[in-house]
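# dropping the sequence and predicted coords here.
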Protein chains: 6
Amino acid sequence: MPQFDLPLEQLQQYVPERTEPLDFDAFWEKTLAEAASFSLDARFEEVDAGYTELVTEDVTFAGYGGHPIKGWMLRPRSAKGPLPVVVTYIGYGGGRSLLGEWTAIPSTGVAHFVMDLRGQGAGHRSGDTPDPGVGGPHFGGHLTLGIDSPETYYYRRLFTDAVRAVEAAQAHPFVDASRVLLSGGSQGGAIALASAALSPTVLEHAPLAAIVDVPFLSHVRRATEIVNTAPYGELVRYLGIQRGREDEIFHTLGYFDGVNFAARVTMPALFSVGLLDDVCPPSCVYAAYNHYAGPKSMNVFPYNGHENGGAAQAAEHIRFQREVFSGA
Amino acid sequence: MPQFDLPLEQLQQYVPERTEPLDFDAFWEKTLAEAASFSLDARFEEVDAGYTELVTEDVTFAGYGGHPIKGWMLRPRSAKGPLPVVVTYIGYGGGRSLLGEWTAIPSTGVAHFVMDLRGQGAGHRSGDTPDPGVGGPHFGGHLTLGIDSPETYYYRRLFTDAVRAVEAAQAHPFVDASRVLLSGGSQGGAIALASAALSPTVLEHAPLAAIVDVPFLSHVRRATEIVNTAPYGELVRYLGIQRGREDEIFHTLGYFDGVNFAARVTMPALFSVGLLDDVCPPSCVYAAYNHYAGPKSMNVFPYNGHENGGAAQAAEHIRFQREVFSGA
Amino acid sequence: MPQFDLPLEQLQQYVPERTEPLDFDAFWEKTLAEAASFSLDARFEEVDAGYTELVTEDVTFAGYGGHPIKGWMLRPRSAKGPLPVVVTYIGYGGGRSLLGEWTAIPSTGVAHFVMDLRGQGAGHRSGDTPDPGVGGPHFGGHLTLGIDSPETYYYRRLFTDAVRAVEAAQAHPFVDASRVLLSGGSQGGAIALASAALSPTVLEHAPLAAIVDVPFLSHVRRATEIVNTAPYGELVRYLGIQRGREDEIFHTLGYFDGVNFAARVTMPALFSVGLLDDVCPPSCVYAAYNHYAGPKSMNVFPYNGHENGGAAQAAEHIRFQREVFSGA
Amino acid sequence: MPQFDLPLEQLQQYVPERTEPLDFDAFWEKTLAEAASFSLDARFEEVDAGYTELVTEDVTFAGYGGHPIKGWMLRPRSAKGPLPVVVTYIGYGGGRSLLGEWTAIPSTGVAHFVMDLRGQGAGHRSGDTPDPGVGGPHFGGHLTLGIDSPETYYYRRLFTDAVRAVEAAQAHPFVDASRVLLSGGSQGGAIALASAALSPTVLEHAPLAAIVDVPFLSHVRRATEIVNTAPYGELVRYLGIQRGREDEIFHTLGYFDGVNFAARVTMPALFSVGLLDDVCPPSCVYAAYNHYAGPKSMNVFPYNGHENGGAAQAAEHIRFQREVFSGA
Amino acid sequence: MPQFDLPLEQLQQYVPERTEPLDFDAFWEKTLAEAASFSLDARFEEVDAGYTELVTEDVTFAGYGGHPIKGWMLRPRSAKGPLPVVVTYIGYGGGRSLLGEWTAIPSTGVAHFVMDLRGQGAGHRSGDTPDPGVGGPHFGGHLTLGIDSPETYYYRRLFTDAVRAVEAAQAHPFVDASRVLLSGGSQGGAIALASAALSPTVLEHAPLAAIVDVPFLSHVRRATEIVNTAPYGELVRYLGIQRGREDEIFHTLGYFDGVNFAARVTMPALFSVGLLDDVCPPSCVYAAYNHYAGPKSMNVFPYNGHENGGAAQAAEHIRFQREVFSGA
Amino acid sequence: MPQFDLPLEQLQQYVPERTEPLDFDAFWEKTLAEAASFSLDARFEEVDAGYTELVTEDVTFAGYGGHPIKGWMLRPRSAKGPLPVVVTYIGYGGGRSLLGEWTAIPSTGVAHFVMDLRGQGAGHRSGDTPDPGVGGPHFGGHLTLGIDSPETYYYRRLFTDAVRAVEAAQAHPFVDASRVLLSGGSQGGAIALASAALSPTVLEHAPLAAIVDVPFLSHVRRATEIVNTAPYGELVRYLGIQRGREDEIFHTLGYFDGVNFAARVTMPALFSVGLLDDVCPPSCVYAAYNHYAGPKSMNVFPYNGHENGGAAQAAEHIRFQREVFSGA
């Protein structure tokens, strides 16, 4: 059944109760403080991949635990002064890939920072960043890695990297630190949401806005009840093996669930949803959207799945970005 | 079985006999002459999609039968004089999509012409060009459309459009008509092969080289014997219903099979193949490659399917393009 | 879930609002008037396929645009005078096939007219009729062919052929023009519904009744929300690529939706439905049935899918036909 | 959708109306009386399979119609006196398999009787017992075998065997006939339910309790409406072919449906359910559980399918068994 | 891979060694002699299903063990004297269905006898004949039923019925016993082959010829090595559970394998094969064909699977039948 | 195609060339020496899971890096003196599970040691051991974890654990250290092979023999060419993303490939293979077997896949174990 989730009218009203650990803010405050104890050490080295109209740079900065995180920075060669920057986060299993995938944003006249994902980059786009974490029993990819406690959970490290990535982008000599737009789809949308909630708590310049396409890791418990496709299906299977540990595991996830971040964000955001999306189901996307505390708009794609708006949504990104940067 | 086709050593030696209609050249000579009777009427209208570093234009030109064919033309805004141009053909079911998908090539400092596909553009990338052809009974997409005779076959119209697209690109005021690179993957590879064979017979300036990734429509009879995935599977099913017409249908296909074009091309070409490709099987790709009469090289991706080299092959394109254009 | 649609009690009450273009009747009046400007030119040529108890004839008549449409006519050899006739329409992707498939109806002592489908006949039963239409971008088979406007939509041509087929059957010297029964399942059911609504507006003798098994193209918008199997799935995918054009496309479909034809028919009809049918979902079948304005009965097959009643429903056809023809 | 059935809160309240043939009790009384006319003839022959800590015996006893039914009996070699016994029934398509699969229960210090299933034992675990029954048209395995009437239905023979198996276990010299625990999952759960209802009506010593994991053959009509996986899917397909015989077939099933047995049992029972179980759907399991007339408890596995509790539920069995046998 | 089996040139030369039990002929002689001890008791009762041009009769005759076997007999109402008769055997899981499926053959002016299949008729076409056999452990349908010994194997009973069906057809007052054509596809082809080999050994008038489309149960051991689709897959799974019994089971199958029957037949036969057939693989069909000892021809459908020639092959049947009956 | 790999006769002769890193022995010598620098610290704590006939103990010992590794130890309660011990390794994704799964071996009168797998235990059987390793980009489970170098590869840690597990088992007061049998299937077979090669190089008492069912991680390069099921499919996909790194990755795998271990073992071994196994393909199993340097025998299951011999092979284990232990 293509439209397997709630009908659109109900989705628009769907504001499920959030379950949030009492020490949510303390947890993240402590986590980010620990990260801040490591020098950011953002380095940018120009590389020649043939894109002569752009300046393309290989990035390294210190993320969670001071671990080196890779990335790309691209900007128009024609640019003279400080540029606004789009910080992009990648979907599940992907990495920063090669530079050729990232020419669109800098062609609009702004800088583009693409963060690599620790331990990922072997499922679709290639990656270059290891994850020196501790791994308990897990199934499949990274969704269940270290899920036994908030402290060891993979996404603690990743979301911390994401905040540090903003800081690294802002540190670039050609970037105007006061004009940052966060962007991501699916897992990238989850990271963008987390970064939008956490960055303002520690950075001098908060990002201006966020693009959050079909966010993953949002209203996770419901997701595990209505889809078992990858990646949520990895969690379903994990719970099926680790019988009786549901409450414990969902407690951990409470520190990372997009609905809890959404309720803390105040910057404007552009969301999108595909009504046939069985990877990040519409009700879970709307759960984040309806809890989102800042100005917001939603692009609905009634006949699309997880690919959602594709090239049409990319065009929307450009429109939104122009609005955000021109207004700053 | 991932490597379901011949092993690599045999692929490299695989030169199957070609079956070519006696009047192959006459057929195409007549077809292109008819097309030439229509004015090309190439029009380029600038559109603003937010890519400020580029000049982006909507293209219309007269293809087969004088039918209006759409396309995109992109070039770096910084460019002053005549530029080399890459002419790109799209894969099965796709269309020219939106401009945001085509920023990579112009970011390398050259012009980029993307031809829309008549009647396609509803399977993955969207398209904008109707196909005023005559349709006999067909199954699924365009592979069996009008296949009853070479005259009515869909690819007669499409390959003719492809030659006219080169002419249209060359007609652009910022383009150096003597420096054209043809490019395409899958069905786009089939079109690039056909265009590489046919363009030099009618255009003042022949293209310099061609990129032919995992070409479709090549050694078709074998393809129908070893894969039934889409799109070859549409032909398998068509033959299964139109029992007893195999010889007639493969006779039609002889005018369009990539091996027959390959044997006629003299310009250099870069090919690629995925050894796990069950859409355009490796032996059919090698059939075209091994019959290819010009200078050539093959990128082999042993653990990839139809996605073949992905971003890595895109990087190879840039390297090859640089070589081609710098050598001219 | 076998019974994925509404439960039977709700199906029986399901009368969704119809959305009908204001000029629905004008559109069809104009369309049929244009068709009437071509001479019907119905020709019947006896062929020997070995069925000695029957007279079997190859049929050609002028359909939409005066295009030649093929068909079969079969009647018992023993018949002396004018016979009632069953006019049969075929399911999606099929054609008139060979004569051996159509011996059952003439064995009941009546004539049988089977209309070929333009452009179809390559998916299951073979066909022999080309479709000289204009094709915009479309995906897969005929459901999205020319869907950009009612004027160019494939089903405008096909439904017009269907009305002309009744006229052709009535023109046969052995047929009693006042005793026609329309019949079809799936796409054939959609055609039968359209023909039942349109034929009486232009023919001297309206058909007496219709058999409408699991009709396709009925309550289409809901169908695209609850199934993505072929053929509705072709439309789902088309809408997924042609983002933002939903209203335009469903406006076109309003001229062809079975619920709008059903509301106009006054002749008796026998319907059938399979409660597990995920090709033509039960609620869409009931939408047509519950809007059907003539006397009607529904055969419910609770444990069948799209095959619905199979041989059992064929037996019902014979019973219904006997009733219809004996009552005339 | 993992949780495709009712939500847990509704499952816990789900008490569907039972449809029970008027002569249900008479039917079983007569059936068991007929069986009692055959001598039980339980034979136990020691076999050496290398499990030296256990005494392992090959069992034969006379089941329905006096047909010889096989089984295994295992007990700890250290045991001196009469032991409590667990009687285990197997899931669909399985047989008694080899002794190595049954060492866990006797390792807890009790006897273990495993009944082979007539005619089954070729789908997963191997079996050794033929079924000299009469077979009408059936599809797939045993679910539709002889379903034309209660008298000829396969499960009449099987459930009778199950009662006789208890009697055979009780006849063993090392068994304390007053301490029997019935146990089974899926089809085995259905048999355990039937045996729990029927054994007390004919045996001198009723079993003390039953373990009923994810019972099959329970609330069958609903099952056929919401799943078409094996084995219920065999019935769905059978009903799809034998159109119009639904009432007759469900009448037969009324004599065998677990809800009707559940309503008759008074001994304590441990149930389990997997909320993602699409083989024996949760609502059908709860239908039996909620109608169950004895003391009962339910283990819910929210992220498991038909495998339900796996090793965790096996640990629960040991706990329950200890409770049952120590309390006796 | 569509053409997963040997290439056509090798198929045409493929004559695998047959493994035939020494007492093959004795086994069948004894089996048929036992059957002959029961009176044939063929009864024909006219039924009215609305096919007024035909005389349609419900048939009952005594098959193996004297068990009552059902069937249909149809003939043209116009016929006066003795008619040639086609005896048709049905594919796996099917039964005689309803009369409406069998009007084609009698429309050619001959009689048509359709034998129902004991115990089948619940998988596609419905059936009406029970199978009072003895069932050992079996998996799925009838292929493994009683396979423990040739004496108890299901196909012993079925092939015996098939010979008796010919006798019953010959006993009809309107039938010319000297003009019988056997016909069947898939399992029906296996039965036709067996009947063609066995009938002449016991009947006064041997059938004249046989139509054997894509025969099942032929060269079975190879089939289990190259396909695991239904029904051969049922045997693969059975062998997978009944480990170590391969030789025994294939010994049983030796009495029933089509290659052993083929080598004994002398009447002319028309075969067909689909080169993509993964149900009855081409090499197994050719094994029977190449061993076939009578005059023979093969229709090859290179792009068809198990559906093989469909309506085109049905037309071939009529052509062949005309040849056979006119030559007699 | 069930038998998709080489035919049995070729498998039995299949001895592919091994590619072994020059420093293979040095690598493992160094690795094991490092491990030996950590105290073994084997602890056994009795737990009551209700299996009163057995003594069941929770095990912890120091594996690679001194990391704590869990396990189970079970022995017959009746045992007085030192017992032989079976050391069992688990398949991919599994962990030690609960005690109820391991009663069969101790019921034969010997001790049974089951090693938990670091980081696994979330795919089928549950586990309890974390893996404090460094994780580069990886796809899916553990097969690609740390595969960038032999030093960081997951299996370096796991195989080292496996050797330490033998040492831990030998350290148990009830165990006769001179009588150890290694055992495992699939990944467990790979571990058993590695342990059989490595244990004798560092332990005082080498194990006596090994059971190696359908070993994984053997002749890996070929495996990636002929199957893409899990888990080899994870490597196929990883290689597909990490294009161009094939040689590097297969170099790493050379230190862990079963064929290289097999060539070093001298103790007797019992292997098994399923000819339909598409998880650990027969040719890869035979590659290890045919290179195996000790006395050996192979159980062939021609109609089984990865489940291979199931209960029948378990019975073979008991027979082999009896032979091994009685001979010592």
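The structure has been received and is ready for your questions. What you see is a predicted model, and the numbers here were worked out from it, not measured in a lab.

# hey, let's count contacts and neighbours off CA atoms from now on
Fine.

# tell me how far the residue nearest the centre of chain A lies from residue A:58.
The centre of chain A sits closest to residue A:191, judged by C-alpha atoms, centre = their mean, with a distance of 2.1 Å. To residue A:58, residue A:191 is 21 Å away according to C-alpha to C-alpha, to the nearest Å.

# for residue A:193, which residues are in contact?
A:210, A:212, A:258, A:261, A:262, A:265 (C-alpha atoms under 8 Å, 6 or more residues apart in numbering or on different chains).

# kindly recompute the last result at 7 Å.
By C-alpha atoms under 7 Å, 6 or more residues apart in numbering or on different chains, the contact set of residue A:193 is A:212, A:258, A:261, A:262.

# put the buried members of the residues you listed into a PyMOL selection.
Buried residues within the contacts of residue A:193, by 16 or more other C-alpha atoms under 10 Å in any protein chain shown, are selected in PyMOL with:
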select buried, chain A and resi 212+258+261+262
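
# residue ranges with poor pLDDT in the stretch 51-200 of chain A?
A:133-137, A:139 (pLDDT under 70).

# give the contact list for residue A:286.
A:11, A:12, A:14.

# count of neighbours near the first one?
Using other C-alpha atoms under 10 Å in any protein chain shown, the number of residues around residue A:11 comes to 19.

# wait, what's in contact with it?
A:283, A:286.

# residues contacting the residue nearest to the centre of chain A?
Contacts of residue A:191 (C-alpha under 7 Å, 6+ apart): A:89, A:159, A:162.

# what does residue A:294 give?
A:265, A:266, A:267, A:268.

# neighbour-wise, give me the winner out of the residues you listed.
Ranking these using other C-alpha under 10 Å puts residue A:265 first, with 24 neighbours.

# PyMOL command for the buried members of the contacts of residue A:191?
Selection of buried members from those for PyMOL, criterion 16+ other C-alpha under 10 Å:
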select buried, chain A and resi 89+159+162
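
# filter the contacts of residue A:191 down to the ones in strands?
residue A:89 (DSSP state E).

# ok, so of the contacts of residue A:191, who is nearest chain F?
For those, the residue nearest chain F by C-alpha to the nearest C-alpha is residue A:89; the value is 16.1 Å.

# tell me the bridge partners for that closest one.
residue A:184 (DSSP bridges).

# test my guess that it contacts residue A:188.
Yes. Taking C-alpha atoms under 7 Å as the definition, residue A:89 is a contact partner of residue A:188 at 4.4 Å.

# separation between residue A:141 and chain F?
5 Å (C-alpha to the nearest C-alpha, to the nearest Å).

# how many other residues sit next to the residue lying closest to that residue once chain neighbours are set aside?
Once flanking residues are discounted, residue A:141 sits nearest to residue F:140: 4.6 Å by C-alpha to C-alpha, 6 or more residues apart in numbering or on different chains. Using other C-alpha under 10 Å, residue F:140 is surrounded by 24 other residues.

# how about residue F:140, what does it touch?
A:140, A:141, F:234.

# do that again at 10 Å, thanks
Taking C-alpha atoms under 10 Å, 6 or more residues apart in numbering or on different chains, we find residue F:140 in contact with A:93, A:120, A:122-123, A:138-142, A:234, F:230-231, F:233-235, F:237-238.

# helices - which of those land there?
A:234, F:233, F:234, F:235, F:237, F:238 (DSSP state H).

# quick one, which of those are buried?
A:234, F:233, F:234, F:235, F:237, F:238.

# mind listing the shared neighbours of residue A:89 and residue A:188?
With C-alpha under 10 Å, 6+ apart, residue A:89 and residue A:188 have common neighbours A:115, A:117, A:162, A:182.

# just these now: which is nearest chain F?
For those, the nearest to chain F is residue A:117 (8.5 Å; C-alpha to the nearest C-alpha).

# isn't the closest one up against residue A:64?
No. Taking C-alpha atoms under 10 Å as the definition, residue A:117 is not a contact partner of residue A:64, at 11.7 Å.

# of those two, who's got more company?
residue A:117 (30 against 26).

# show me the helices in the stretch 201-328 of chain A, by range?
Counting by DSSP state H, counting those that start in this stretch, the stretch 201-328 of chain A has helices at residues A:220-226, A:232-241, A:246-254, A:258-262, A:282-291, A:310-327.

# packing partners of the fourth one?
Other elements packing on helix A:258-262 under the criterion 3 or more C-alpha pairs under 10 Å, 6 or more residues apart in numbering or on different chains; DSSP states H and E are helix A:187-202, helix A:282-291.

# same question for the third one.
Packed against helix A:246-254, as judged by 3+ C-alpha pairs under 10 Å, 6+ apart, are the following elements: helix A:220-226, helix A:232-241.

# my guess is residue A:143 meets residue A:155, correct?
Yes. Contact status for residue A:143 versus residue A:155: in contact at 8.0 Å, counting by C-alpha under 10 Å.

# residues near the closest residue to residue A:81 other than its chain neighbours, how many?
Computed as C-alpha to C-alpha, 6+ apart, the closest residue to residue A:81 that is not its neighbour in sequence is residue A:174, at 6.1 Å. Other residues near residue A:174 come to 18 when the count uses other C-alpha under 10 Å.

# ok, residue A:174 to residue A:87 distance?
For residue A:174 relative to residue A:87 (C-alpha to C-alpha), the value is 14 Å.

# kindly report the same for residue A:161.
12 Å.

# tell me the one among the contacts of residue A:191 nearest to residue D:316.
Nearest to residue D:316 among the contacts of residue A:191 is residue A:159, at 39.9 Å by C-alpha to C-alpha.

# re earlier: chain D next: which of the buried ones among the ones in helices among the contacts of residue F:140 are close?
When C-alpha under 10 Å from any C-alpha of the partner chain is applied, no member of those is adjacent to chain D.

# how about TSV for the residues you listed, with distance to chain B added?
Compiled in TSV, those are given as follows (distance: C-alpha to the nearest C-alpha, whole Å):
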residue	distance to chain B
A:234	24
F:233	9
F:234	11
F:235	9
F:237	7
F:238	9
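
# and the residue of the stretch 201-328 of chain A found nearest chain E, what does it touch?
Nearest to chain E in the stretch 201-328 of chain A, going by C-alpha to the nearest C-alpha, is residue A:229, at a distance of 26.4 Å. Shown in contact with residue A:229 (C-alpha under 10 Å, 6+ apart): A:223, A:235, A:236, A:278, A:279, A:280, D:1, D:2.

# could I get these as JSON lines with pLDDT?
Below are the contacts of residue A:229 laid out as JSON lines (pLDDT from 0 to 100):
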{"residue": "A:223", "pLDDT": "97"}
{"residue": "A:235", "pLDDT": "95"}
{"residue": "A:236", "pLDDT": "95"}
{"residue": "A:278", "pLDDT": "97"}
{"residue": "A:279", "pLDDT": "97"}
{"residue": "A:280", "pLDDT": "98"}
{"residue": "D:1", "pLDDT": "73"}
{"residue": "D:2", "pLDDT": "83"}
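
# looking at those residues, which is nearest chain F?
Distances from chain F to the contacts of residue A:229, taken by C-alpha to the nearest C-alpha, are shortest for residue A:235, at 9.7 Å.

# quick check: that closest one touching residue D:2?
No. With contacts counted by C-alpha under 10 Å, residue A:235 stays clear of residue D:2, the gap being 11.8 Å.

# part of a helix, is residue A:165?
Yes. The assignment for residue A:165 (DSSP: H, G, I helix; E, B strand; the rest coil) places it in a helix.

# beta partners for the closest residue to it other than its chain neighbours?
Leaving out its chain neighbours, the residue that sits closest to residue A:165 by C-alpha to C-alpha, 6+ apart is residue A:115, at 6.6 Å. Beta-bridge pairing of residue A:115 under DSSP bridges involves residue A:71.

# gap between residue A:115 and residue A:128?
For residue A:115, the distance to residue A:128 - C-alpha to C-alpha - is 10 Å.

# no further questions, thank you.
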